[in-house]
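A.B. asks: Okay, predicted coordinates and the sequence, questions at the end:
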Amino acid sequence: MFISTLRHLSVSMASLLCRGVLTYPPLLNYAAFLRRKSHIFYCTMSTTEAQTATQGSQSTQIKISPHRKKKGLDDILKDYEAVIGIETHVQLSTLTKAFCSCPYNYGSQPNTNICPVCMGLPGALPVLNSKVIECAVKLGLALNCKLNLKSKFDRKQYFYPDLPKGYQISQFDVPIAYGGHIDLDLPVEFGGGHRRFGITRVHMEEDAGKLLHSGNGSYSQVDLNRAGVPLLEIVSEPDMRNGIEAAEYAAEIQRLVRYLGISNGNMQEGSLRCDVNISVRPTGQVKFGTKVEIKNLNSFASVNRAIDFEIARQVLLVSEGQDDQIVQETRLWEEGSQKTVTMRKKEGLSDYRYFPEPDLPGVTLAKDYVDSIRNSLPELPEVKRRRYEKMGLSMQDVLFLANDVNVAEFFDATIAKGADVKLAANWIMGDIAAYMKNEKLSIDEIKLTPQELAELIASIKGGTISGKIGKEILFELMAKGGTVKGMIEEKDLVQIIDPAEIEKMVDKVLLDNPKQLEQYRGGKTKLQGYFAGQVMKASMGKANPGLLNKILLEKLNAKS
Amino acid sequence: MLSTTAQSQLCRLRPAHALKPRPLTTTTAAAASSSSLLADQPPPSTPPPPPPRSQILTLRRSLLSRQVTAVQLAESYLARLRLTEPHLNSFLHVSDAVLTEAQSVDDRIGRGEDVGPLAGVLVGVKDNICTADMPSTGGSRILEDYRPPFDATAVRKVRELGGIVVGKTNLDEFGMGSTTEGSAYKVTANPWDVSRVPGGSSGGSAAAVSARQCMVALGSDTGGSVRQPASFCGVVGFKPSYGRVSRYGLMAYASSLDVIGCFGSSVADTAILLNAISGHDRRDATSSKREVPDFISYFTASNTLEDKPLEGMRVGLICETLGSGVDSGVVSVINAAASHMEELGCIVKEVSLPSFSLGLPAYYILASSESSSNLSRYDGVRYGSQAVADELSSLYGVSRAEGFGSEVKRRILMGTYALSAGYYDAYYKRAQQVRTIIQKSFKAALDENDILICPAAPSAAYKIGEKKNDPLAMYAGDIMTVNVNLAGLPALVLPSGYVDGGPSGLPVGLQMIGAAFDEEKLLKVGHIFEQTLRGRRFVPPIIEDDNAC
């Protein structure tokens, strides 16, 4: 009875129309006047990225000249500092939603994962999924936050068709975690460097549904599958100064939630969403400029580009004395035109009329509970990077290996089996990464195990097989699985290291190629490679290359 | 004897308009000592009427001994309902499945299967409590024709124990009101005097039980919505401790105050229904995990009662509730009730709760604040009535303007104001502080006393329309009840006397307040009080069916 009625409801919901509802005000084409210049700005900015990323202290003395036009944008930008803070929403990959037992699967048919609770039906009540608290504590600890052992939920109230109850269950004045920081290393190609950004707070809340707008904009439909999915909102301190720092901050958050296994962190699917707040001020000024919020950032690249665009836009306005053109507003990043446009102007501060959620008891964390979570945390990216660095790997290698938690685990497992650190890194970053990229597989989808990679590396190092054979085996292991030993035996791939045997093969090749031998001895020593190739071919690739070359050279030069 | 009782429940009805006021039969000394009681004394030779008997237990004995069938019983109640309903308007919807469900009870009994303790019991359900197979409107236009896809937990439990939902009872829209005049659909009349209100907001449930249109009923109590109509209609009303009964499926008015409560024509019936719906519910995070005792086991059979069955029981009479603004008739009834309790062995002392008068403003701020939030979901987007609009804000605006009544709008506006930035500290936060003070003062009073007593309302039922245009006067009528919700305590209201008015007097209820989760003590005391209160029969003149209670 319950199910069938619900199905009936969901069908009617799926076809529900908000007749002619205008959900966004028409986009103001405010940025149009910048269009011509904006392209130049962006190009200019991208060349300065590395510089701005690495500059530690900046000149304190600035002079604002009224004659800006004659200066290049680079020069203008040098006199300003951007202040950037990010609000990140992380969708938790719990089995069920935050306050009901509905599953959430991205891409499901609209209104198929819904129930009275997440639809906000009359009389339905939320009951907290305890996994949400677990995830929040994990992330709070991973972000070096202090925890509020007693926190609570609050209602944030506003009307929107994707918000079924007319309020969002969130946390207001007592977030579960606060006052932390995150460490990261900027990519080498952007100048590198270590950064620490402050974390203001982490709080728990629920996601809203989605509006599906009709093609001609005459109506909108509501999909509540996402309504009630648990989110953690992470608010950073305004510590970032440019696009690449912000993008790397977001990337590090993604890395962290993946390491912790609390979210897939997928930006395209909206599992990780960044809203950026940004203002500019003349370098050295203490007072902040007017803050603008940017939404619709679907990748780290768009975070980077949108911020650098926005910095240039704001700096230009300030430098031309048009500060008043920068207003507190929400701007949308348009991927197509690569610029930000006004989405809505904020009429003062909106009043969400927060008050404590009476349907949910307070959240109390026991010390034992927190300790058990702390003790179960995996090695986190920053610690891993520092460990890899100490192992003697280059920063490039460190960043690559620590980037993906599965790759890092593979690498760690490989060296745990005794593999040489540098060789293991090279194999993973080289042939294995290339194979994964070509086949569009992740490292846990390939058939190669860390055990076998370690074995392979040892077999090559120990001389059992040649590097060339090793490579062939590697591809077979990745595609089909199996063991290195088995494959060597099965295909009789053991390297020939008996000098007598190699000598025999060399002799035969020299004998078979008298013409070339004559030419060689006549001074065309380049032909050594030809002979080596012939011998290797004769050995079916198994001859030890060092030995082969040594013996070959001896023979070639013997009678000269 | 049993069969006589059972048969008599099927006795004939006369149309209400043909009824004449029935003279009261008051004989006990305690009752006679009260000046407010109606003067008409019966001849000394008339035997006093028996104390109220449990309809549920009587029905059960009759059913199990096959003296009557569930269908016969259901038919008799439905017949009475059909006769009285045009005068009362207690119901917004009457189930068409009552006889079918009664038949299945008979079938099970016929097959010798076990039937639940509520088998065949006809239960009225307040319309702000969700029922899967019936409309649930909350008395609001905005939910006209809305049918929930699920039963409220309390309803589910009632059904699981064999209870039959007779229909959905009228109420003030979303429980906001004290007269049931605030329903978007109809005005319910008081069975004692159809020109008077039944109280509210659970007025439909109270009237239905009073007129024996059903045996028991579910109501909800946010600020007195079970207790005040129980008092007005002369029935027993129980407001459980906050968290005792799951709120899942109760349309939220003020979540931190709302509780589902019970109506019955006897303490026993009320207790049986309360037993059925109490207990933890995983769907309500605020429901208590405390074990639910068998309330009936605390009862003492009336024929085994000692001379002073409540010897040593400490009873605090809240002195702030008997001062100015309270009808003298009500004060007399409460004083008489106190005397009666003393006769039963109680030690009755006056107790002062200095914070008592703070309850009303604190309640109206908190309840309005929470309601402004809880009613946000009625936006016309997913269910309920949706206005035709060509842009979003007018879809919201018109749907809500047309869907909500004036009292609901008033409270949404008050609540929105109280929660607004800049006013939060002065209103909401301060009211929460007052709430804490009230909780502490009740705790202190209940450390000194086993129970507290006071009226359930400052007056008996008043005329329909009398306070309709004076919301403040209506709010003031909640003074006796709101403190209990703020403190989250259980309270029992049971009829204990009359004042002048209507064709045969108007009932006045006594409110007993207990410590949190001490329901059993209230029910035990209430049961003894009821069984020893000689000479009162709280059967309204609209039904002549005297034996049905």
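C.D. replies: In hand now; what should we look at? Numbers count the residues shown, from 1 in each chain, chains lettered A, B, ... in the order given.

A.B. asks: Tell me who's in contact with residue 520.
C.D. replies: All of this refers to chain A. Shown in contact with A:Tyr520 (C-beta atoms under 8 Å, 6 or more residues apart in numbering or on different chains): A:527-528, A:531, A:556. The C-beta positions use only the backbone N, C-alpha and C, and glycine is treated the same way.

A.B. asks: wait, I meant chain B there
C.D. replies: By C-beta under 8 Å, 6+ apart, the neighbours of B:Glu520 are B:293, B:295, B:298.

A.B. asks: Of those, which qualify as buried by neighbour count?
C.D. replies: B:295, B:298 (16 or more other C-beta atoms under 10 Å in any protein chain shown).

A.B. asks: Any idea which of the contacts of B:Glu520 the model trusts least?
C.D. replies: Of all the contacts of B:Glu520, B:Tyr298 has the smallest pLDDT value, namely 91.

A.B. asks: and the contacts of A:Tyr520, which are buried?
C.D. replies: Using 16+ other C-beta under 10 Å, the buried ones in these are A:527, A:531, A:556.

A.B. asks: Adding secondary structure, pLDDT and distance to chain B, write these out as CSV.
C.D. replies: Output for the buried ones among the contacts of A:Tyr520, formatted as CSV (DSSP: H, G, I helix; E, B strand; the rest coil; pLDDT from 0 to 100; distance: C-beta to the nearest C-beta, whole Å):
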residue, secondary structure, pLDDT, distance to chain B
A:Leu527, helix, 88, 82
A:Phe531, helix, 89, 81
A:Leu556, helix, 85, 85
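
A.B. asks: Closest one of these to B:Val331?
C.D. replies: If you rank the buried ones among the contacts of A:Tyr520 by distance to B:Val331 using C-beta to C-beta, A:Phe531 comes first, at 122.6 Å.

A.B. asks: ok, that closest one - contacts?
C.D. replies: A:506, A:509-510, A:513, A:516, A:520, A:552, A:556.

A.B. asks: switch to 6 Å and redo it
C.D. replies: A:509, A:552 (C-beta atoms under 6 Å, 6 or more residues apart in numbering or on different chains).

A.B. asks: Next one: the closest residue to B:Trp192 other than its chain neighbours from chain A, what distance?
C.D. replies: Closest residue to B:Trp192 apart from its sequence neighbours, by C-beta to C-beta, 6 or more residues apart in numbering or on different chains: B:Pro540 at 4.6 Å. B:Pro540 sits 31 Å away from chain A, taking C-beta to the nearest C-beta, to the nearest Å as the criterion.

A.B. asks: cool, and B:Ala515?
C.D. replies: Following C-beta to the nearest C-beta, the distance that separates B:Ala515 from chain A is 21 Å.

A.B. asks: ok, so of the contacts of B:Glu520, who is nearest chain A?
C.D. replies: The closest of the contacts of B:Glu520 to chain A turns out to be B:Pro293 (C-beta to the nearest C-beta; 23.4 Å).

A.B. asks: distance of the closest residue to that closest one other than its chain neighbours from B:Ala217?
C.D. replies: Distances taken as C-beta to C-beta, 6+ apart place B:Glu520 nearest to B:Pro293, at 5.2 Å, with adjacent residues excluded. For B:Glu520, the distance to B:Ala217 equals 22 Å [C-beta to C-beta, to the nearest Å].

A.B. asks: Kindly report the same for B:Phe91.
C.D. replies: 10 Å.

A.B. asks: more crowded one of those two?
C.D. replies: B:Ala217 (33 against 25; other C-beta atoms under 10 Å in any protein chain shown).

A.B. asks: Just the buried residues of stretch A:222-235, please?
C.D. replies: A:222-235.

A.B. asks: Give me the mean pLDDT for that stretch.
C.D. replies: The average pLDDT for stretch A:222-235 rounds to 97.

A.B. asks: Run the contact check for it versus chain B.
C.D. replies: No: counting by C-beta under 6 Å from any C-beta of the partner chain, chain B is not contacted by stretch A:222-235; separation bottoms out at 6.6 Å.

A.B. asks: All set, thanks.
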